[in-house]
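1. fold the stuff below for me.
(chains A and B)
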There are 2 protein chains.
Amino acid sequence: LYIAEEDVGRFKEGSFHGEYVTENGEKRLKLDDIVGETDGIGVENLRGSGLIAGETSAAYEDAFTLSYVTGRSVGIGAYINRLAQRVIQMANGPIILTGFSALNKLLGKEVYVSQDQLGGPQIMLPNGVSHLLASDDQDGVEKILRWLSYVPKTANDASSMGPSTDPVDRDIAFKVPSTPYDPRHMLAGATAADGSFETGFFDQGSFTEYLADWGKSVVVGRAKLGGIPMGVIAVETRLSECRIPADPANPDSREAVLAQAGQVWFPDSAFKTAQALADFNNAENLPVMIFANWRGFSGGTRDMYGEVLKFGAYIVDNLRKFTQPVFVYIPPNGELRGGAWVVVDPTINEDMMEMYTDTNARGGILEPPGICDVKFRKPDLLKTMNRLDSKLVQLKSELAIAEESLAEDEAASLRNQISERENQLLPMYVQISHEFADLHDRPGRMKAKGVIRDVVPWERSREYFFHRVRRRLAQDALVKTLKASDAALTHTDAVALLRGWVGEVDWEDDKAMLAALEAPELEANLEGVAVAAAKKSVTDIIAGLSEEQKAELLSSL
Amino acid sequence: LYIAEEDVGRFKEGSFHGEYVTENGEKRLKLDDIVGETDGIGVENLRGSGLIAGETSAAYEDAFTLSYVTGRSVGIGAYINRLAQRVIQMANGPIILTGFSALNKLLGKEVYVSQDQLGGPQIMLPNGVSHLLASDDQDGVEKILRWLSYVPKTANDASSMGPSTDPVDRDIAFKVPSTPYDPRHMLAGATAADGSFETGFFDQGSFTEYLADWGKSVVVGRAKLGGIPMGVIAVETRLSECRIPADPANPDSREAVLAQAGQVWFPDSAFKTAQALADFNNAENLPVMIFANWRGFSGGTRDMYGEVLKFGAYIVDNLRKFTQPVFVYIPPNGELRGGAWVVVDPTINEDMMEMYTDTNARGGILEPPGICDVKFRKPDLLKTMNRLDSKLVQLKSELAIAEESLAEDEAASLRNQISERENQLLPMYVQISHEFADLHDRPGRMKAKGVIRDVVPWERSREYFFHRVRRRLAQDALVKTLKASDAALTHTDAVALLRGWVGEVDWEDDKAMLAALEAPELEANLEGVAVAAAKKSVTDIIAGLSEEQKAELLSSL
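-> The predicted model follows:
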């Protein structure tokens, strides 16, 4: 394209670039590019979008970010939602990258008929981009406010206690069954068969579930314990389903429904666990209860190919970086095995994590049948019953006599009887071996090995953890102050200092310790540490200066 | 299970817990749990594994971590590989969570026949857990050594220049075609049809591809530029395939092959891009070349459900945290559009990122047909041709006369002729409108709008970026020193200081600037900043002390 020579002057200098050519005797400017006279729509907007993207990514780490998608959210708009991570999606607010009609044009046929097919709630809730669905704006605003009720005043504040009408010292009425159950009942309580309400762990009415449609084998939410906002992660014990929608662009595809066993981490539920931890940690500053009840990670071909290792590793990464107390508790009839134990073990972040069990919970590498299959197989079982069963012992001694006296018929019959007796006993001995193995997986052993901090009966766990979380929040606030005064202090150093200061108070008594840690006398100690650290910093800095510089500095003070 | 009273004393105190019961007149200890006399296999091992997991997760961030899987890697072993991220997998080294026979037992049928089905190279290379395949241990060790050749001496060192026999000032012989091509040829060179070797961007023989079987629409690797190790990300322009293996546990499933267009980011290739950035950044300290040539992210139902927003957002997150220089370069015949531009725009991390284009590259929100569909549709085209085409202008004026003189037949004929002329002209005007739109997407406009730093012709880009990366590494090392001396300095502040110190030297001349930044005279300036910062720190600290504390401190110095 060209501009006639006489027209060039009509535009502002720099509005376009090009070079003069002469064609058919006419001098024209052959255009190389058009810049335009004002900032329009183009790369300058993309640059602006890049800036927003970078800032939003950073904001998630140091402020409470929450997107409410009430209308169409397209392209960079969709990315901003995700970069800020927390999303409430209104029923009519699709989150898309490219409009459906543009996609149809690209594909050369009418594949899609709506934006919802691409990024409506039926896509964005099951894949975990949206945390909550709002039916309309009224509902959306309510959900925003409820979410804010769990969030501290500023990103630098810890979770703080609000009013609560549900007494903290009550028993938990809900009995955790040994058969598959809805874990939400454990957290929030449930209505029993007789119509009465059985209370749960958290304050009545305080639990909100998030990311409910994604990775259903794990349940995550926010709730309050005696008015203290907490994050919570619990485990689905029932079979759940993962529905993968059909792809309209591929006529061969159809909806796939994958069954997901209870008490098992799948790629999606591992990712969800890690996502919840990141959300709790980043500016929400929520202490966390993990009701740990996992038999392991799904390790079949489907889930190994599905990157379960990557998402499981995220759990470790996010727990390691967690800055608030995390209480891992194996609930009644719960168990924690092998790899699932490893990714929530407190040694991942000893400053912040503590582990507990109910009196009736299990922890170990393999489940009893598994470990017996490895360590105590059929030959071992036979040896044991031949040692212990008096009838077998007698038959064996009779057989020895028969064999010695070459009474072949009798010996054959005895051998048959022995074999019959063994087969008869076998199921019982298998059961005994499982019971024996199970005795190694009990709370008493976990406590004795020092891998859990305490055994806490479920009925009383509400009061126990209320005092524990209050004490930890008070203690960690002091630790934070100490570390801010003296950057050389580790968490452990700071805790040791506090331990020295509280003197006679029983360190393990959370109620007494809370009072001791809140005592005004500690102020002077804190100031002492700050002054000592200041002196040390000054001495260190001055030691790095030359005599001349030192003298000059000192004279200026 | 019980222990007879007389047997209890045979075991060390604390080996088990229980309570005495009397049954049939016999006093027995009813076992609650068995602790054992020594540390065995159980929760204590899981605790140890947790510690390893946490430390490995942390190690990836501050040391060069690389796992070589030469044998079976199971459970926490598999997790350690992933937590350390970089993995070379030997052909006979499956990475699994649960052995195939244990899974068969769990499933109650013979589903799997080998560990390889679960975590062999045919699973772990296509899903991006393994970065490289080694055919045997010799090959494995060679691949480890080659990887190490890109890594600095320590995690605190920057990428440093090694010897290179490939001259940096040569032209790049490989011509980037406008039709789909193998992007590896751009990086490493290729043998031309006539058998001659056409050199590429990096030093000959220095390019190694990683994660090749995963997310094939993006190519990532490590290479050297004039002996300087760099990370590289490039774009596949050809159609590629993603094969999802059949799930042996589900008889209805079969291998699925998903076609993935060139120049488009899919969930897997977006994740791969982010993974490569994390690997380059964490302790490898590699400056990065991104040969950016993306039309956008795939936004169909399949990929929106497939969490493309999450993985695309990772690219922004990882670029934001990048600590080494990143050069984004749109190659010849390349383009960068919409969302794809946004996630690599330098404003995401202005301290580290710079953007460039070849003389023949495009950048913009939509491609010309797309933008014309929105901004310059058929009515606009007709208006334009009626203004510009002399024949149409004449027909229109004849029509006006005919209509005025009520010559209906003539008018109808003229209207026909106009319509014919318009239809004849339309394709040409569409083409012109596309050309007009395209003039807004050219390097000249990008430069004028300040969204790119420079236009660098492909043939000369090797030398250009060699000097640029050397200069940036020298400059950034000084910035790092300055920031270490004075924590209050931002990157921008430090650069401004340097700019003041180099005086007359042309700031945009990388060769001259390298010499200026390496000049020994700068030492004194650096020391000056350090001393001033030390003085300021001391003054600030002392200002926070009481008069008494201040006096005590000063007397002690």
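2. do you know the pLDDT at A:Ala535?
-> Slight slip there: residue A:535 is Lys, not Ala. We have a pLDDT of 89 for A:Lys535.
3. check contacts around it.
-> Counting by CB atoms under 8 Å, 6 or more residues apart in numbering or on different chains, A:Lys535 makes contact with B:549, B:553, B:556. Heads up, the C-betas are built off the backbone N, CA and C, glycines and all.
4. turn those into a markdown table, including secondary structure, pLDDT and neighbour count.
-> Output for the contacts of A:Lys535, formatted as a markdown table (DSSP: H, G, I helix; E, B strand; the rest coil; pLDDT from 0 to 100; neighbours: other CB atoms under 10 Å in any protein chain shown):
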| residue | secondary structure | pLDDT | neighbour count |
| --- | --- | --- | --- |
| B:Gln549 | helix | 84 | 15 |
| B:Leu553 | helix | 83 | 19 |
| B:Ser556 | helix | 78 | 9 |
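5. would you mind measuring from A:Val235 to chain B?
-> According to CB to the nearest CB, to the nearest Å, A:Val235 stands 17 Å off from chain B.
6. A:Thr199: what's it in contact with?
-> Contact analysis of A:Thr199 by CB under 8 Å, 6+ apart lists A:166, A:170-174, A:189.
7. on that earlier part again, wait, which of the contacts of A:Lys535 is closest to B:Glu463?
-> Among these, B:Leu553 lies closest to B:Glu463 (CB to CB), at 56.7 Å.
8. next up, the contacts around the closest one.
-> B:Leu553 makes contacts with A:534-535, A:538, B:542, B:545, as judged by CB under 8 Å, 6+ apart.
9. point me to the residue of the stretch 101-250 of chain A nearest chain B.
-> Nearest residue of the stretch 101-250 of chain A to chain B (CB to the nearest CB) works out as A:Asp247 at 4.1 Å.
10. residues from the stretch 251-400 of chain A in reach of chain B?
-> Contact residues (CB under 8 Å from any CB of the partner chain) of the stretch 251-400 of chain A with chain B: A:253, A:296-302, A:304-310, A:312-313, A:316-317, A:319-320, A:338-339, A:341-349, A:363-365, A:370, A:373.
11. which neighbours does the strand or helix carrying A:Met355 have in its sheet, and in what orientation?
-> Element membership for A:Met355, per DSSP states H and E: strand A:353-357. Strand A:353-357 has the following sheet partners, assigned by DSSP bridges: strand A:326-330 (parallel), strand A:454-455 (parallel).
12. re the thing from before, among the contacts of B:Leu553, which are in helices?
-> Of the contacts of B:Leu553, the ones assigned to helices by DSSP state H are A:534-535, A:538, B:542.
13. and the furthest pair within the residues you listed?
-> A:Lys535 and B:Ile542 (9.7 Å).
14. which of the helices or strands spans the residue of the stretch 101-250 of chain A closest to chain B?
-> Using DSSP H and E, A:Asp247 maps to neither a helix nor a strand.
15. for it, give me its contacts.
-> With contact set as CB under 8 Å, 6+ apart, A:Asp247 has these partners: A:253, B:300-302.
16. list only buried entries from those.
-> Neighbour counting with 16 or more other CB atoms under 10 Å in any protein chain shown marks A:253, B:300-302 as buried within the contacts of A:Asp247.
17. nearest residue to A:Leu517 in space, please, no chain neighbours.
-> The shortest distance from A:Leu517 to any residue other than its chain neighbours is 4.5 Å, reached at A:Ala474 (CB to CB, 6 or more residues apart in numbering or on different chains).
18. with A:Met352 as the reference, measure out to that neighbour.
-> Using CB to CB, to the nearest Å, A:Ala474 is found at 15 Å from A:Met352.
19. which parts of the stretch 251-400 of chain A are helices?
-> With helices called from DSSP state H, counting those that start in this stretch, the stretch 251-400 of chain A shows them at A:267-281, A:301-305, A:308-320, A:338-342, A:368-375, A:378-388, A:390-404.
20. and for the stretch 401-550 of chain A?
-> Using DSSP H, counting those that start in this stretch, helices in the stretch 401-550 of chain A cover A:408-438, A:443-448, A:461-485, A:491-502, A:510-517, A:522-543, A:547-556.
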